[in-house]
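[1] Attaching a predicted model along with its sequence, questions to come.
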Amino acid sequence: MYPPIASHAEPPGFLDVAFDWVDEPLIALEANTRLVLDPVYARAGAPVATHAMLLREGVVHRIHRAISELPETLGMIVLDAHRPLNVQAWLWNEMVTIVRSEHPEWDDAAINAHARRFVAYPELLPNRPTPHSTGGAVDVTLFELATGKPLDMGSGFDEPVEASVCDYFEQHPHPIYTERRRLLIQAMSVGGFANYPGEWWHFEYGTLRWAAATAAPAAIYNAV
């Protein structure tokens, strides 16, 4: 029903694309019947994480465009949006702890390499902002309007496993998960977003990765 998810690696040199920063405000997402806000890191007690879900103004409009592409029986849950660097540091430490507990035989280099597949390292480099610090990255999933329950997408949000790779169920077809991920990718693509291939839930617009993935002339959002 929906186009297959193409296998693709991280865009080469995505940190080195051109930039033409746009000073666009952050605005708060507002929940409605088809848009649920679930600030997972605030609920988990991350320092300075707030329950407000902030995104660049243009990204908010694109979220609503993506929702309009979904079947009428479904809505979208936003799990995370703009993320300050101290929240990013908290998330990095949490991920490293999880990976270390699951792979006690790994050394620090292997643990960090695996963690980087799922969480950006919390560093502030000139003209190389982490995606969520720009207000142009958003983490989303889908839910059923009739029940309010999130759809099972084949792996959990922030779960550091191979099944979290976006096209995993293209390589390992599943009668439900394959189609659900295709639907999410299709809707977000119509909204203008680029997916991070390592995480089915993570999408970006206006960022360095987005510019490289879409062949845009420049990234437009720097760190807020």
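    Thanks, I have it. Residues are numbered from 1 along each chain as shown.
[2] contacts and neighbour counts: CA atoms only from here.
    Will do.
[3] Which other helices and strands does the longest helix seen in the chain contact?
    When secondary structure is assigned using DSSP state H, the longest helix within the chain turns out to be helix 85-102. The contact analysis (3 or more CA pairs under 8 Å, 6 or more residues apart in numbering; DSSP states H and E) places helix 85-102 against helix 108-116.
[4] Next secondary structure after the helix it packs on?
    Using DSSP states H and E, the helix or strand that follows helix 108-116 towards the C-terminus is strand 137-144.
[5] just checking, what packs against that following strand?
    The elements that strand 137-144 packs onto, with contact taken as 3+ CA pairs under 8 Å, 6+ apart, are strand 74-80, strand 202-204.
[6] lowest-pLDDT helix or strand in this protein?
    Considering only helices and strands, the least confidently modelled element of the chain by mean pLDDT, DSSP states H and E is helix 85-102, at a mean of 88.
[7] so how far is that one off the chain centroid?
    With CA atoms, centre = their mean, to the nearest Å as the basis, helix 85-102 stands 16 Å off its chain's centre.
[8] Dump the C-alpha coordinates for that helix into PDB.
    Listed in PDB are the C-alpha atoms of helix 85-102, where the atom choice follows Å, rounded to 0.1, in the frame of the first residue of the first chain:
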ATOM      1  CA  LEU A  85      22.300  20.300  25.500                       C
ATOM      2  CA  ASN A  86      22.100  19.400  29.200                       C
ATOM      3  CA  VAL A  87      19.100  17.200  28.400                       C
ATOM      4  CA  GLN A  88      21.200  15.700  25.500                       C
ATOM      5  CA  ALA A  89      24.000  14.900  28.000                       C
ATOM      6  CA  TRP A  90      21.500  13.200  30.300                       C
ATOM      7  CA  LEU A  91      20.200  11.100  27.500                       C
ATOM      8  CA  TRP A  92      23.700  10.200  26.300                       C
ATOM      9  CA  ASN A  93      24.700   9.000  29.800                       C
ATOM     10  CA  GLU A  94      21.400   7.000  30.100                       C
ATOM     11  CA  MET A  95      22.100   5.300  26.800                       C
ATOM     12  CA  VAL A  96      25.700   4.500  27.700                       C
ATOM     13  CA  THR A  97      24.500   2.900  30.900                       C
ATOM     14  CA  ILE A  98      22.000   0.800  29.100                       C
ATOM     15  CA  VAL A  99      24.500  -0.400  26.500                       C
ATOM     16  CA  ARG A 100      27.100  -1.200  29.100                       C
ATOM     17  CA  SER A 101      24.600  -3.200  31.100                       C
ATOM     18  CA  GLU A 102      23.600  -5.200  28.000                       C
END
